[in-house]
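here is my input, please return the structure:
(2 chains)
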Protein chains: 2
Amino acid sequence: MCDCFVGTIAPQAPSSSIHSRPMLARQALKQLRSSSSVPTTRSFAVLTVDTINPNIVKAEYAVRGALVLRSNEYVSQLARGDTSLPFDKVIPCNIGNPQVLKQEPIEFHRQVLALVNVPGLVNKPEAQKLFQPDAIARAKFYIDNIAGGTGAYGHSKGSAVVREEIARFLQRRDGHSADPEDIYLTDGASPAVQNSLLALIRNENDAILAPIPQYPLYSAAIAINGGTLVGYYLDESNTWGLDVKELARAVKEARDAGKIVRAMAVINPGNPTGQCLALENIEAIIKFCKQENILIMADEVYQENVYAEGKKFLSFKKVLRDMGSAYDDVELISFHSTSKGFTGECGRRGGYMELVNIDAGVKEQFYKLMSVNLCSNIEGQLMVGMMTNPPQPGDASYDRYVEQRDGILGSLKRRAVKIVKAFNELEGVTCNETEGAMYTFPNVTLPVKAVEAAKDAGMAPDAFYCMQMLDSTGIVVVPGSGFGQKEGTWHFRSTILPPEEAVDEVIEKTSKFHAKFMDKYR
Amino acid sequence: MCDCFVGTIAPQAPSSSIHSRPMLARQALKQLRSSSSVPTTRSFAVLTVDTINPNIVKAEYAVRGALVLRSNEYVSQLARGDTSLPFDKVIPCNIGNPQVLKQEPIEFHRQVLALVNVPGLVNKPEAQKLFQPDAIARAKFYIDNIAGGTGAYGHSKGSAVVREEIARFLQRRDGHSADPEDIYLTDGASPAVQNSLLALIRNENDAILAPIPQYPLYSAAIAINGGTLVGYYLDESNTWGLDVKELARAVKEARDAGKIVRAMAVINPGNPTGQCLALENIEAIIKFCKQENILIMADEVYQENVYAEGKKFLSFKKVLRDMGSAYDDVELISFHSTSKGFTGECGRRGGYMELVNIDAGVKEQFYKLMSVNLCSNIEGQLMVGMMTNPPQPGDASYDRYVEQRDGILGSLKRRAVKIVKAFNELEGVTCNETEGAMYTFPNVTLPVKAVEAAKDAGMAPDAFYCMQMLDSTGIVVVPGSGFGQKEGTWHFRSTILPPEEAVDEVIEKTSKFHAKFMDKYR
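This is a model prediction of the structure:
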């Protein structure tokens, strides 16, 4: 075996300068040990950054990168009572995680979860006082119809009754039938996207179209699976519009480079860009993908989050089916999640994918792939069930459900408008309207001196800007370089999720920081 | 692009005879459509069984394979009131899924889950009547210490308070310190194993040692990641013992074939084989892996399930640390889960891995890899917390907890003994003692005529036997060929999980079936 030798270990330079310190320490340790009485044949660790699967090293996931690690340190410092920082709390605007920012869970959903988890609770007299009758009825339904309840492995595609709830939801939403057998429940939408890419990517010649800017799940998962990402640029000057001509350019360049373009990821409403695609646009994409033989991966996890006047979410499935049976050979995988919308149940890891016009044999392969993990977590499945089958008019929980739903969505809309307006008032900053989803993605024109200072610090200029924002305000945002952006432009992504009473504080702190930053590097 | 052409589609033979029927139908459909007014350039689906990532096609996962699919059909048939089957229920002995077979969940754990899910419930007067005070206290602790509770994304490695609970558990169990920073929570143990293999396998030259017979997660995940499985045989004649000489043989053969042996998977207690490794055996494995520069993946999900007299579970971590600092360069990843033991909370998908003596840079890569999925489900994490930090003497739930724990483990032991004894009484069947875990793995000497009949049916002989067992009894077991076995030997795996009152029925039905089968093919 090439990386194993016998005998005393001679001093040796580390093979990579980047990781030299830990490797030197390790080797020193091993040399020290080689003088003891135990076997001395072992020289190198099996797993190092140099010998790990290089696709993992290539993958980047900025949403939880260096900034988040530093912000975690600040959280610990503050928790220890440290008052040396220029802020008294860390405000995580880096990730769409509503409940960590005080969004309340939908009460009906949580009551059902409590009831299914304690055997016999649905029949206790005290429970009638604590829980709504429709929550008790739904809990009984799940208990009666899911063998072993929340504690047993279920079907690898998800519990049949939940898949039926989803299918009925899809039918109501789209006006077209949906088959529970084509629905696969997953631990959030992320593993569904990753499994789809795993299925699509055979080697580095297989290319996946993904938007730039894009939620980095796509770039990370394409890298991990050893494929090639082909970016198509969204048009910032046209409210982050998706132009089929740009798609055609990207496909042509990829093919000219010898790549096989297998699929196109489209995020609607957009993350981080917030655009909500119009009917004509979706039709044009579907026609393009039919013509070019490209599978569509539609990330529709923000389907409930549309705020702009006159805009409406349309699913790719609906548009495709509306276009008639001539398009029944366009392959589509669409994704949904309990983490977004007004449900905001991120920690649940509930999600699903629907396979539309997908080959029967491939569906079996997906089933097998998911069966290796046995099943997704059952409570996440139940959360999907409740999200797609919520209380109805006349149900005891209905009024409260509507109040919570409309309250959350109305508030998100107000916050989106307020934050976008504030960002547009900053020097050198322009920010498109957040039509949907949960983010703003302002464009920041950074002074030349700031770009140089970033270079000296070994950082991308926008990462430098965001790190300074964190250091002086405690606000965590994600640099645009984590999502991709046109060369020479700089952005950051901030969620619109701080609670309304805190939005003014976030705006004030950001504005003050920005003014100081601009002055410093002017 | 090579698999796309323009113009009218000419009739064409499918490229694979195996999948010819669905492909022919698809092509016929497309030819039909090519005469309509829509674009006619699209000819083939992007994703077919011929064009999907071939590693997925290669992967096999018998625990949920053809037998399970047929058993699902029987379940539906019975649910429809069909009385034509020779049995009135399906008994799933194919998978370690205790709660589907009436094992009751630990009450304390479920009470805490209910309480954390309904905001304010911990303070309601009615709740004091429904829940134990220590469950309320634990729920308050989690609510106070996990930002956003069960509804928010948590740390990608898992909530800090749960990792601390696990670390204290490991310290008590092993008598050696454990660092919460080395613990990574996952959606069950399976994704932890898969991520470890993803990290280890760079290409088909990277080999992983895995036991034969083995739980097919390993073979499936190695195939999916494009690596090479190198089997080491467990010695059936020595109660499925693990002999280091056999390991050496396997490693030598792999290296002679040009492979790099990166890691060794060891399942202790064994699945499907049930052996519980002795101290000397574990020490020998560790020495061997040190000498040969092999990382150890220790699957210890059955650590609470030890039944044999004089046998005791010892973790690889404990033995490694007991061997002294000279072995601090042996890399170990160990896995645990909420699905087994007496917790049996499979549907929760709770699990973790501990990284022992793993390079600091690699730990960062694991963090990044897990951050792409954001976090594992929080309730699964809490279940791990409660499993590793259960009620203590003096707590209100303690007596009931002990009663449930001892009741379940005592019953599993009785069932193991009873089933093994019964199998050993069948003609041509020998069955090792189930020292631990949840399975029996009897060896069945099949008559020559049965082997021939299986061949005619296009099935492995043991799969043929198991399918006939299902067809005539409704009992689902898994053929030994799904786990690997010495050539010319045939086995099946059955769990020991049917409730005690049903064990006699399972034994009786199996025995009758076996006698008839042997008579038929004698």
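
which residues touch A:His176?
Applying C-beta atoms under 8 Å, 6 or more residues apart in numbering or on different chains to A:His176 gives the contacts A:Leu170, A:Lys317, A:Lys318, A:Arg321, A:Asp322. (Glycine included, C-beta is placed from N, CA and C.)

name the helix or strand for it, please.
When elements are assigned from DSSP states H and E, A:His176 belongs to no helix and no strand.

next one, pLDDT for it please.
We note a pLDDT of 98 for A:His176 in this prediction.

check the gap between it and A:Gly324 for me.
Using C-beta to C-beta, to the nearest Å, one obtains 11 Å as the distance from A:His176 to A:Gly324.

by neighbours, which of the contacts of A:His176 wins?
A:Leu170 (26 neighbours; other C-beta atoms under 10 Å in any protein chain shown).

where exactly do the strands run in the stretch 101-250 of chain A?
According to DSSP state E, counting those that start in this stretch, the stretch 101-250 of chain A carries its strands in the segments A:183-187, A:206-212, A:228-233.

next, format those as JSON lines and append distance to chain B.
What follows is those, written out as JSON lines (distance: least, C-beta to the nearest C-beta, whole Å):
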{"stretch": "strand A:183-187", "distance to chain B": "5"}
{"stretch": "strand A:206-212", "distance to chain B": "9"}
{"stretch": "strand A:228-233", "distance to chain B": "12"}
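
reformat those as TSV; add mean neighbour count and mean pLDDT.
Rendered in TSV, the data for the strands of the stretch 101-250 of chain A read as follows (neighbours: other C-beta atoms under 10 Å in any protein chain shown; pLDDT from 0 to 100):
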stretch	mean neighbour count	mean pLDDT
strand A:183-187	26	98
strand A:206-212	25	97
strand A:228-233	20	97
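
turn those into JSON lines, columns for distance to B:Val90.
Shown next, in JSON lines, are the strands of the stretch 101-250 of chain A (distance: least, C-beta to C-beta, whole Å):
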{"stretch": "strand A:183-187", "distance to B:Val90": "22"}
{"stretch": "strand A:206-212", "distance to B:Val90": "41"}
{"stretch": "strand A:228-233", "distance to B:Val90": "46"}
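
nearest to A:Lys418, of the ones you listed?
Taking C-beta to C-beta as the criterion, strand A:206-212 is the member of those that comes nearest to A:Lys418, at 26.1 Å.

strands paired with the closest one, and their directions?
Looking at strand A:206-212 with DSSP bridges, its paired strands and their directions are strand A:228-233 (parallel), strand A:260-267 (parallel).

now find how far off-centre the longest one is within its chain.
Averaging C-alpha coordinates over strand A:260-267 and over its chain gives two centres that are 17 Å apart (C-alpha atoms, centre = their mean, to the nearest Å).

break chain A down into its domains, please.
When chain A is parsed with the TED database, its domains come out as A:57-101+A:403-521, A:146-388.

which of those domains sits most buried?
Mean neighbour counts were taken over the domains of chain A using mean count of other C-beta atoms under 10 Å in any protein chain shown, and the top value, a mean of 22, falls to domain A:146-388.

and it, end to end?
Chord length of domain A:146-388, first to last residue, is 17 Å (C-alpha to C-alpha, to the nearest Å).

quick one: distance of it to the chain centre.
Here the centre of mass of C-alpha atoms in domain A:146-388, compared against the chain's by C-alpha atoms, centre = their mean, lies 12 Å away.

sorry, back to before: just so I know, which of the strands of the stretch 101-250 of chain A lies nearest A:Val503?
Among the strands of the stretch 101-250 of chain A, the nearest to A:Val503 by C-beta to C-beta is strand A:206-212 (27.4 Å).

what does the closest one rub up against?
A:197, A:200-201, A:218-219, A:222, A:227-234, A:242, A:247, A:250-251, A:254, A:259-267, A:270, A:273, A:294, A:297, A:483-486.

and if we set it to 6 Å?
A:218, A:222, A:227-234, A:250, A:254, A:259-265, A:484 (C-beta atoms under 6 Å, 6 or more residues apart in numbering or on different chains).
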